[in-house]
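**Student:** What follows is a protein structure lacking sequence information:
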């Protein structure tokens, strides 16, 4: 049954192509947490310094603090707000893992204040759960392949930016939340305490929080299964965050800032998954107890960064930032064929858990100059990015090496120019990615015949140009066109661990070659007193791309390195009906094709593990008074049938969900917020788990969830 309903959404499309550095702008001109109503909306991701979106050719989405809070009233899922507001972003997995989640059919690079939240060397689909969302002030999303952050941004860049103290003096914010589905073990709670201080040139933000989640239930009243790559159900998450900055010099033109965060989410280990049946339409469920002798799944992230900026150095803006991160991701227990080893236990009886560990550090520099070379309207930007990334994967219970340590280093100089000529803005840029991967000799596991693989070093070099044009028209309209290249590495750990024949070397594994994506895009934008409207059409192609298949024996992912061709349409709009009533909508349609067999035509439609079905989000917001607000939204995911009558035939059923959030200001006693996710308690199954042969259980989505929050400042 065809329906079009809602969820929150956004409509600030305007754009980005290959700019260069992405970090929370530490300059005094940094944008506020929520500037949707500001006359000029600026972003810092991929820019090196703040830049108006009206002067960026491409598609950019800015998720404001208000939109984040509306979603947090419903759920603490870190990707739920993206699924509701960003065109081209797929459905949320409702889990610690983000399997099946992508941006425009490709993996996006996720950042927290400019720090990468995962490793492209071994993409474990865990990079989306990394902090308490209550600390986030805004999210800047560059839609489409981008080279501005280096490796990992084949689908785009998603930069979660922490809050900024704005009020002089000191202020505590205490948030408490209770969540329930009215079952004994479904209840959850959160306590978060933030401290903000701002005085003279100094500002400080500190935060502590704990989130305790129960198990979830589907619309038919059955427990939902634990996600096989990691669940937020039945878990505890702790966050410690500290950010301090100091402005100094003439006119406070200089700033130094430091951040430190520790985040750990850990399963409580009370449940195990009981398989359902896709053919009979019976989703998997969860029962007590968990498997004896196993470890809880975790995301354990410790990371920090320092930055320096000068707002008037040689007539321009200079920024320098450095970061370091230590990230560990442990996955749930499995007894698949690739975990077995007869030297440890009889075949078929061994249960093990994999754990990805990564360490990274980076240094970024940028310099931007307005009216450069004496030409009014000409802006030049440039800099150098240095990156070091290490990752490996082990089988934790038996302490076996599964993916050998991989060490990647890169140096990437870049330059970007934009020139305003009347109503036109022309942009052009170039980035040189010069990287090196080093892997020592290693031996694969028993299932891969204990093959000895000779280590080696691979070089990755790529020239990444971009061009763009914006034409500003009367009455708030503009059109744009852009072309550029993005660079990333494939999921290197998968082909390395799957070597099963002797005599191979790292330098001879063809699947380790880089992915270079060419992206062409055209679109339009309109902003006026009544609201905003934007749309774009894009075409991204990679000659040697990657798509996912599931090994029928191991039930785990394998890579297909074949050409990938993706085309899509995105539309977003916002309408201010009057001072009290507003509506918003997004629509996205993505289609991807690859080859059935190497060298053949691009006639295989890419499935739900790579490309999401069509999606519509709608939202209606009402402010009946100064103290209250109400938002009714819906998300519509469409059904899809692809490759019918051929191998890899796939059918997914869509669904429509309603959500409701309300807020009331109690004055000096704080504010109350009510959230009802899946308002009608609909029974549905998540699209990415519907595919026959998937290693994921047949997962039902959450039924009705009621949350009550209270926030008070003092």
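**Tutor:** Arrived safely. All figures in this text were calculated on a predicted structure; none of them were measured in a lab. Numbering: from 1, shown residues only.
**Student:** can you map out the helices along this structure?
**Tutor:** Counting by DSSP state H, the chain has helices at residues 65-72, 80-85, 493-497.
**Student:** okay, these, which one's buried deepest?
**Tutor:** Comparing the helices of the chain by mean neighbour count (mean count of other CB atoms under 10 Å), helix 80-85 ranks first with a mean of 26. Just so you know, the C-beta spots here come from the backbone N, C-alpha and C atoms, and that holds for glycine as well.
**Student:** so how far is that one off the chain centroid?
**Tutor:** Relative to its parent chain, helix 80-85 has a centroid offset of 10 Å by CA atoms, centre = their mean, to the nearest Å.
**Student:** contacts for that helix?
**Tutor:** The contact list for helix 80-85 (CB atoms under 8 Å, 6 or more residues apart in numbering) reads 7-10, 61, 63, 67-68, 71-72, 74, 89-92, 94, 101, 133, 139, 141, 158, 586, 617, 619, 633, 635.
**Student:** can you count the residues close to residue 161?
**Tutor:** Residues contacting residue 161 under the criterion other CB atoms under 10 Å number 27.
**Student:** Against residue 152, how distant is residue 103?
**Tutor:** 12 Å (CB to CB, to the nearest Å).
**Student:** Looking at those two, which one has more neighbours?
**Tutor:** A side-by-side neighbour count of residue 103 and residue 152, using other CB under 10 Å, places residue 103 first with 30 against 27.
**Student:** Now do the nearest residue to the more buried one once chain neighbours are set aside, the pLDDT please.
**Tutor:** Using CB to CB, 6 or more residues apart in numbering and skipping the chain neighbours, the partner closest in space to residue 103 is residue 155 (3.8 Å). If you check residue 155, the pLDDT there is 85.
**Student:** if I pick residue 155, what's in contact with it?
**Tutor:** Counted by CB under 8 Å, 6+ apart, residue 155 has contacts 102, 103, 104, 105, 106, 107, 108, 144, 145.
**Student:** Let's see that with 6 Å instead.
**Tutor:** For residue 155, the contacting residues are 102, 103, 104, 106, 107, 108, by CB atoms under 6 Å, 6 or more residues apart in numbering.
**Student:** Would you check that the third one makes contact with residue 87?
**Tutor:** Spelled out, that is residue 104. No. Residue 104 is beyond contact range of residue 87, at 9.0 Å (criterion: CB atoms under 6 Å).
**Student:** In terms of neighbours, single out the busier of those two.
**Tutor:** Neighbour tally, residue 104 and residue 87, criterion other CB under 10 Å: the higher count belongs to residue 87, 31 against 28.
**Student:** give me the number of residues near residue 343?
**Tutor:** Neighbours of residue 343 (other CB under 10 Å): 7.
**Student:** What values do phi and psi take at it?
**Tutor:** phi -80, psi -10 (degrees, to the nearest 10).
**Student:** What of the one 10 residues further on?
**Tutor:** When quoted as degrees, to the nearest 10, the phi and psi of residue 353 stand at phi -130, psi 130.
**Student:** What of residue 647?
**Tutor:** Phi and psi for residue 647, reported as degrees, to the nearest 10, are phi -60, psi 160.
**Student:** Distance check, the residue nearest the centre of the chain against residue 186.
**Tutor:** Residue closest to the average C-alpha location in the chain (CA atoms, centre = their mean): residue 110, at 4.5 Å. Here the criterion is CB to CB. By it, residue 110 lies 29 Å from residue 186.
**Student:** so who does the residue nearest to the centre of the chain touch?
**Tutor:** So residue 110 contacts 117, 127, 158 (CB under 6 Å, 6+ apart).
**Student:** now those as JSON lines including pLDDT?
**Tutor:** Formatted as JSON lines, those follow (pLDDT from 0 to 100):
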{"residue": "117", "pLDDT": "92"}
{"residue": "127", "pLDDT": "90"}
{"residue": "158", "pLDDT": "93"}
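**Student:** Restricted to strands, list those.
**Tutor:** If you go by DSSP state E, those have residue 158 in strands.
**Student:** what would the contacts of residue 110 look like in TSV with neighbour count and distance to residue 443?
**Tutor:** Formatted as TSV, the contacts of residue 110 follow (neighbours: other CB atoms under 10 Å; distance: CB to CB, whole Å):
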residue	neighbour count	distance to residue 443
117	26	31
127	29	29
158	27	37
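**Student:** buried residues in stretch 354-371?
**Tutor:** Residues 354-362, 364-369 are the ones in stretch 354-371 that count as buried (16 or more other CB atoms under 10 Å).
**Student:** from the chain's centre, how far out does that stretch sit?
**Tutor:** With CA atoms, centre = their mean as the basis, the mean position of stretch 354-371 lies at 17 Å from the chain mean.
**Student:** Could you number the chain from 41 rather than 1 from now on?
**Tutor:** In the new count, where the first residue is 41, that last one comes out as stretch 394-411.
**Student:** pLDDT below threshold where in the stretch 391-540 of the chain?
**Tutor:** Residue ranges of the stretch 391-540 of the chain with pLDDT under 70: none are present.
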